[in-house]
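# Sequence plus predicted model, see below.
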Amino acid sequence: MIRLDHVSHRYGARDVLHDLNLDLSEHRIGVVGSNGCGKSTLARLCNGLILPSSGAVSVEGHDTAKDSSAVRSLVGFVFQDPDLQIIMPTVGEDLAFSLRPHRLPKAEVAKRVDQWLHAYGLQSHRDHPAHLLSGGQKQLLAIAAVLIAEPQVVIFDEPTTLLDLANKRRIMDIVLRLDQQVIVVTHDLEFLTDFDRVIVLDQGRVVCDDRPQPALAHYRRLALGEPPVC
Amino acid sequence: MRSKDIALIALFAALTCVLGLTPVIPLPVLGVTFSLQTLGMILAGVVLGAKRGALAMLLVIVLVAIGLPVLTGGQGGIAKLVGPTAGFVWSWPIGALIAGGLVERWWAHLNLAKALVAALLGSLSLYVLGQVWLAWSLHIPASVASWSWLVYVPGDLVKSIVAALVAVTVKKAYPLITARRDTTSADAAKPQGDTASSDTDQLWSGTASTPVTVAANAESSPAS
Amino acid sequence: MLSLYILGDSPIHRCPAWLKLLALALIGSVVMIIDSWPTLTAVLVLIIGAYVLARVPWHACWPMLRAMIIFVAIIAACQWLFGSAATVAVVSIRLTCVIMAANLVTWTTKVSDLVASIDVAVSPLTRLGVRTDRFSLAIALALRFIPVIAEQGRRIREAQAARGVRAPLTYLAPLIIKTVRMADGVGDALESRGADLRPVTTAGTPACPSRRAFVDTADHSG
């Protein structure tokens, strides 16, 4: 459970988020909003990459400002651009990197890496340089590298934006099958139809927080400039 | 040293290697070639500052040492670090340190002229160290070694101007250096009144335009 | 990323990396001290012997040898103006020894082995509070991002060519800004992937003990 308690965030003179009070406990939560509404900031607040200007964010009771290492091991984060998320030169090394804080024996690391490579169809690429993968494979690797560390919550920041239709489907499939809590920030509304809760942000405020159907309808009207009903 | 500093160091080392891959103009003097690689050295200094800039260049030296063909024209290996021209490679961290140190000192009131002086003095260290090493290892008078390198002067002037322009641009757009304590740090600490449009733009200015607050956060949370 | 390593299975290839580096340092210092050309020639013969032992293919070492011969010839010509024939011989042979020995190490040692020996060499620094694990992390990051940045450079050049811009330096400013921005993303990734975490104290236990179970969950077969 992630709790935001009177959270505001400002960059310089500009307010990005105003006084958010949220309890995020549902299995699948979507966050939508126009560019610049603060949704990426919200995602980064949840794993402590950004600390709030005022208020507090906690994950399972751990304050993100005080207990960042506990928060980071609980919350995995998948970024929009896998190219920046892949850290190690080869595919296998990158997966192994995620297990470093766990301090496992070498054989155990190799075993887990192989399991995850198989699960995502990357086994033949283990020793290949990561930059030779296709865009879809890179995103798969980025996701596998987050999941291998067994986080309790996985946050996805626009995971499908850079992908073609087939890869988009594949990533959506993976996200929907996860048994961890997932929080997905996206512009891809059909992604969220089977979610448990959708939060609509506009100019740093929550303007709608509901089941997907009414929330997405609200967001569509908002984006088209029609008066809200909800 | 935060994660972002490590990322900056590694990325500027990589950038310097990439600049060495750009097309080269071969000069028949002592079998050396002209390329943009030394620009990477000056840039690391003026964009990242003394410490991170010098570490980025040391990282390039490590990459050369482990046998990667990252020097101009696909050269590399330990021979480049112990041979007579090794001084030119070893001077990179020092050049970045000098250029970066000057930019840090002048940070609050950095302009094109000051950035250019910093870049030029950074490149100068390359000549001084490179020639001293060359002359010493070959037992030839330094004066002979020095005129043969005059052919590089026009190229390095151009590179210094480019680096100075970049330094001033980057300072405006994404300042990465905080002013030295002995200078007025008010300018550097002042947040930018940006009009970022996308989410990533916000994030950018949030982490970069207020380096002082970020540093304070890092200090206040020992676990990070 | 290609390395300069030449695949082989000779005694020189199998020799541990630290021993080769130590030998190289030794040869480097010894030839700097020795001032007699017959002794230096003996060292050179030893090094050539090592080349034969390592079975470095001729086509691989010829470009290096050719560049080295031209270089040494120019140096020797300069020397001739200032010194005796003996000095010319000493400096030329000394140079040849150092370059050939260093190249032999580079050609016969894998990148991963050299990184490992660097790790060992810097490990005493941990006592001084230096985070040496960051050191190999930085090497890995640089290796990972050389192709990524090269790709960015190519894209920028293409975009500029499409707009009719052909000046070689104009692509630098966007490339540097792109690199600086990338560092932000990479820094975030490093933090969120635990590069900054203190290692978990109890070895073998994953950082998160239990995972929340959700009732409405399909089976995750990952």
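Received the coordinates, thanks. Just so it is clear, the structure is predicted and the values come from calculations on it, not from any experiment.
# what about the strands in the chain?
Unless you meant another one, I'm taking chain A. Applying DSSP state E to chain A gives strands spanning A:2-11, A:14-24, A:28-33, A:54-59, A:62-63, A:75-78, A:153-157, A:181-185, A:197-202, A:205-210.
# that's the other chain; I wanted chain B
Going by DSSP E, chain B shows strands at B:25-26, B:33-34.
# among those, where is the model least confident on average?
Sorting the strands of chain B by mean pLDDT places strand B:25-26 lowest, at a mean of 53.
# ok, the closest residue to residue A:142 other than its chain neighbours - contacts?
The shortest distance from residue A:142 to any non-neighbouring residue, by Cβ to Cβ, 6 or more residues apart in numbering or on different chains, is to residue A:82 (3.8 Å). Where you see a C-beta, it was placed from the backbone N, CA and C, and this is true even at glycine. Residue A:82 makes contact with A:135, A:138-139, A:141-142, A:162 under the criterion Cβ atoms under 8 Å, 6 or more residues apart in numbering or on different chains.
# For burial, what's the neighbour tally of residue 118?
I'll assume chain A. Look at residue A:118: counted by other Cβ atoms under 10 Å in any protein chain shown, it has 11 neighbours.
# Can you look at chain C instead?
With other Cβ under 10 Å as criterion, residue C:118 counts 20.
# Also residue A:53?
Around residue A:53 there are 15 other residues, counting by other Cβ under 10 Å.
# got any ranges where chain C has weak pLDDT?
C:1-2, C:166-169, C:195-222 (pLDDT under 70).
# list the contacts for residue A:191?
A:30, A:160, A:172, A:175, A:184.
# which one of the residues you listed is nearest residue B:174?
Residue B:174 lies nearest to residue A:160 out of the contacts of residue A:191, by Cβ to Cβ, at 27.8 Å.
# Surely the closest one is in contact with residue A:188?
Yes - assessed by Cβ atoms under 8 Å, residue A:160 is found in contact with residue A:188 at 5.3 Å.
# ok, these two, which is more surrounded?
The residue with more neighbours, out of residue A:160 and residue A:188, is residue A:160; 22 against 17, by other Cβ under 10 Å.
# Next one: that one from chain C, what distance?
17 Å (Cβ to the nearest Cβ, to the nearest Å).
# mind checking the longest helix of chain B?
The longest helix of chain B (DSSP state H) is helix B:112-138.
# Give me the buried positions along that helix.
Within helix B:112-138, the residues that qualify as buried are B:114-127, B:129-131, B:133-135, B:137-138, counting by 16 or more other Cβ atoms under 10 Å in any protein chain shown.
# count of neighbours near the residue lying closest to residue A:23 once chain neighbours are set aside?
Nearest residue to residue A:23, sequence neighbours excluded (Cβ to Cβ, 6+ apart): residue A:3, at 5.4 Å. Counted with other Cβ under 10 Å, the neighbours of residue A:3 add up to 18.
# Okay, and the beta partners of residue A:3?
Under the criterion DSSP bridges, residue A:3 forms beta bridges with residue A:23, residue A:58.
# what domains does the record give for chain B?
Domain ranges of chain B: B:3-173, B:191-220, per automatic domain parsing.
# still on that earlier bit, do any residues in the longest helix of chain B lie close to chain C?
Yes - applying Cβ under 8 Å from any Cβ of the partner chain, one finds helix B:112-138 in contact with chain C at B:137-138.
# does chain C sit close to the helix or strand of chain A with the lowest mean pLDDT?
Each helix and strand of chain A was given a mean pLDDT (mean pLDDT, DSSP states H and E); the minimum falls on helix A:68-74 at a mean of 89. Yes - interface with chain C: helix A:68-74 contributes A:68-69, A:72-74 (Cβ under 8 Å from any Cβ).
# Which of those residues sits closest to chain C?
Ranked by distance to chain C (Cβ to the nearest Cβ), those are led by residue A:73 at 3.7 Å.
# For chain C, just list every one of the helices.
Using DSSP H, helices in chain C cover C:11-14, C:17-33, C:37-54, C:58-82, C:85-108, C:111-122, C:132-162, C:172-192.
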